[in-house]
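Engineer: Sequence first, then the predicted structure:
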Amino acid sequence: MVSARFSSDGKSILTASEDNTARIWRISGQELAILKGHTERVKSARFSTDGKRILTASSDNTARLWNSSGTELAVFKGHKKSVISASFSPDGKRILSASWDNTVRLWDISGKELAVLKGHTKGVYNARFSPNSKYILTNSEDGTSMIWDSSGKKLAVLEGHTSRVYSARFSPDSKRILTASWDNTVRVWDISGKELVVLKGHPSRVYSARFSSDGKRILTASHDNTARIWRMEELDDLLARGCEWLNDYLVINPKDLQKLEVCQNKYNRKAAAPFLVKAGEKEAKAGNFKEAIVTFKTALKWNQDLKFDPQKKAQLFENKGKAEQLVSEGGSLVREKKIKEANGTRIKDAITAYKQAQKLDTKVEIDADTWNQLCRQGSLNGSAKEVMFACENAVKLAQNHGYIRDSRGLARALTGDYKGAIPDFKILIAQTNNKENKAQRQGWVKALREGKNPFTREVLEKLRNEG
């Protein structure tokens with residue numbers, strides 16, 4: 001006999017056997033029905049919660065559904081190797097089958113396949129729903145367990161065991177997970193997949209671990225011929241100390257605090273809220289608008305002293321992000337070497353980018369060097385009039401910077417403002433130690449005073465080649 005189980009009301013027993021059958025018995029030992037149909041040994045048999053249906057798994061690569069009188073209702077075909085176990089969802093409307101073909105399959109009660117859960121690299125022992133029906137938990141010979149959502153999408157891989165994971169179960173509140181392994185340990189995880197503690201003590205492989213109905217104790221069974229009881233109160237003490245050690249880190253890394261519900265309290269949530277706001281701002285700037293709103297709402301929940309509209313704040317920082325991106329794109333356009341062959345198109349595109357950025361965010365940061373790049377490149381490439389505003393912005397930010405004043409002088413001279421260009425060039429003349437540049441600017445000033453334009457096509461070409 002492979003397994004034996006009570007029905008939920010304790011009045012019936014279900015057994016699975018190597019003779020390819022499962023049997024239903026009264027508690028007195030009277031046989032009520034034989035479930036025949038499998039062509040190879042039955043690996044497991046389970047009652048539904050209401051006791052009205054039975055689910056069997058077999059080495060013939062199928063799972064089968066029966067009523068309580070032993071009539072076959074559905075056959076679940078699709079696995080390529082033995083089906084090790086099969087289980088009902090809490091509402092009895094869906095079924096999970098775990099197979100030695102490395103997959104788990106999700107079915108509706110009629111036998112229609114809904115999803116194939118792929119990820120394990122070796123045979124899967126079990127697959128079960130969480131008590132709240134939101135998650136699926138699988139455990140495998142490959143040494144891992146995996147958490148999936150109720151549709152079969154993989155959410156987390158529980159890695160840490162060094163041998164096959166023979167058993168995995170949810171806590172009654174669906175917030176924690178127990179895994180038992182042939183590496184002689186049991187591990188406790190939170191629902192995000194983070195390992196909370198390792199229970200060591202068994203000197204040999206552990207076959208099963210499960211929570212008590214109130215979730216306050218853990219029972220383990222091992223190949224060492226012992227069963228052990230572990231108190232969750234002790235585990236909670238360990239977790240509390242761990243949370244205390246991590247508290248400062250979690251406050252300034254609120255996304256990690258979100259994942260560790262066990263470490264959350266009203267004090268660290270309130271302290272972490274401003275950092276969570278900053279995380280939301282980064283999400284919004286990166287274009288993750290919906291995620292930012294969720295983050296802002298969590299921050300407001302954690303600290304009710306904060307006052308802002310999540311939607312408006314997300315929009316504001318999304319605009320900031322777009323503005324910063326436009327400034328970056330404008331700078332790239334100005335620095336492009338191809339600008340010389342673009343007949344001013346790139347300069348116009350850069351101007352447009354900067355103006356759009358300032359429209360999105362009036363406080364967007366554009367530094368003096370960025371404005372100067374646009375001023376100088378635009379002037380050297382036939383757009384001095386168009387970039388004059390950039391020259392003025394650069395000078396406002398760095399009034400006594402010789403090279404920036406030199407760029408504005410160039411723009412002024414090219415737009416006919418010889419009188420305004422002269423004092424700009426004189427600033428660089430006074431600051432530079434480069435004799436060639438000093439002499440060149442002195443020559444420009446002399447020409448401008450005489451009402452002449454020193455910037456011939458050859459001079460401009462030389463300046464462009466200088467970068």
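Structural biologist: Looks like it arrived, so ask away. Numbers count the residues shown, from 1 in each chain.

Engineer: residues near the nearest residue to residue 136 once chain neighbours are set aside, how many?
Structural biologist: In this structure, residue 136 finds its nearest non-sequential neighbour in residue 148, 4.1 Å apart by CB to CB, 6 or more residues apart in numbering. Yep, even glycine has a C-beta here, placed from its N, CA and C like the rest. Around residue 148 sit 22 other residues, with neighbours defined as other CB atoms under 10 Å.

Engineer: again with residue 278
Structural biologist: Residues within reach of residue 278, counting by other CB under 10 Å, total 14.

Engineer: which SS state does it fall under?
Structural biologist: Recorded secondary structure, residue 278: helix (DSSP: H, G, I helix; E, B strand; the rest coil).

Engineer: Same question for residue 177.
Structural biologist: At residue 177, secondary structure determined by three-state DSSP is strand.

Engineer: what's the answer for residue 364, then?
Structural biologist: Secondary structure, three-state DSSP: residue 364 is coil.

Engineer: quick one: the residue nearest to residue 136 and residue 154 touch, right?
Structural biologist: Yes. Taking CB atoms under 8 Å as the contact criterion, residue 148 and residue 154 are neighbours in contact, 5.4 Å apart.

Engineer: tell me, what's touching these two both at once?
Structural biologist: Contact with both residue 148 and residue 154 is made by residues residue 117, according to CB atoms under 8 Å, 6 or more residues apart in numbering.

Engineer: Quick check: the gap between residue 48 and residue 90.
Structural biologist: In this structure, residue 48 lies at 10 Å from residue 90, with CB to CB, to the nearest Å as the measure.

Engineer: Neighbour count for the two, which is higher?
Structural biologist: Using other CB under 10 Å as the criterion, residue 48 and residue 90 rank with residue 48 on top: 23 against 14.

Engineer: helices and strands of this structure: which one bottoms out on pLDDT?
Structural biologist: helix 232-252 (a mean of 78; mean pLDDT, DSSP states H and E).

Engineer: so what does whichever helix or strand comes after that one touch, helix or strand wise?
Structural biologist: Going down the chain from helix 232-252, the next helix or strand is helix 254-259, by DSSP states H and E. Secondary-structure packing of helix 254-259 (3 or more CB pairs under 8 Å, 6 or more residues apart in numbering; DSSP states H and E): helix 232-252, helix 266-285.

Engineer: Which positions in helix 254-259 come out as buried?
Structural biologist: Counting neighbours by 16 or more other CB atoms under 10 Å, one finds that the buried residues in helix 254-259 are 254, 256-259.

Engineer: for stretch 397-408, same thing?
Structural biologist: Buried residues in stretch 397-408, counting neighbours by 16+ other CB under 10 Å, are found at 397-398, 401-408.

Engineer: So which of those residues sit within helices?
Structural biologist: Within the buried residues of stretch 397-408, residues falling in helices by DSSP state H are 397, 402-408.

Engineer: re the thing from before, looking at the buried residues of helix 254-259, which one is closest to residue 132?
Structural biologist: Taking CB to CB as the measure, residue 132 sits nearest to residue 259 out of those, at 18.2 Å.

Engineer: Just give the nearest non-adjacent residue to that closest one, would you?
Structural biologist: In space, not counting the residues next to it along the chain, residue 259 is nearest to residue 192; the distance is 4.6 Å by CB to CB, 6+ apart.

Engineer: That neighbour touches residue 175, doesn't it?
Structural biologist: No. With contact taken as CB under 8 Å, residue 192 and residue 175 are classed as non-touching, separated by 10.0 Å.

Engineer: picking up where we left off before, packing partners of the least confident helix or strand of the chain?
Structural biologist: The helices and strands touching helix 232-252, judged by 3+ CB pairs under 8 Å, 6+ apart, are strand 195-200, strand 217-222, helix 254-259, helix 266-285.

Engineer: Which one of the ones you listed lies nearest to residue 82?
Structural biologist: Among the helices and strands packed on helix 232-252, the nearest to residue 82 by CB to CB is strand 217-222 (23.3 Å).

Engineer: the inter-axis angle of that closest one versus helix 232-252?
Structural biologist: Between the axis of strand 217-222 and that of helix 232-252 there is an angle of 110 degrees, by axes from the mean of the first three to the mean of the last three CA atoms, to 10 degrees.

Engineer: and the buried residues of helix 254-259, which two are the farthest apart?
Structural biologist: Longest distance between any two of these is 10.0 Å, between 254 and 259; criterion CB to CB.

Engineer: Could you say which of the helices and strands packed on helix 254-259 is packed most deeply?
Structural biologist: For those, ranked by mean neighbour count under the definition mean count of other CB atoms under 10 Å, the leader is helix 266-285 at a mean of 19.

Engineer: What lies in contact with whatever helix or strand comes next after that helix?
Structural biologist: Tracing the chain past helix 266-285, the next element assigned as helix or strand by DSSP H and E is helix 289-302. Defining contact as CB under 8 Å, 6+ apart, one finds that helix 289-302 is touched by 254, 258, 269-270, 272-274, 276-277, 279-281, 283-284, 306, 308, 310-311, 313-315, 317-318.

Engineer: So which elements touch the helix or strand following helix 289-302?
Structural biologist: Proceeding C-terminally, helix 289-302 gives way to helix 310-335 as the next helix or strand, assigned by DSSP H and E. Judged by 3+ CB pairs under 8 Å, 6+ apart, helix 310-335 is in contact with helix 266-285, helix 289-302, helix 345-360, helix 368-380.
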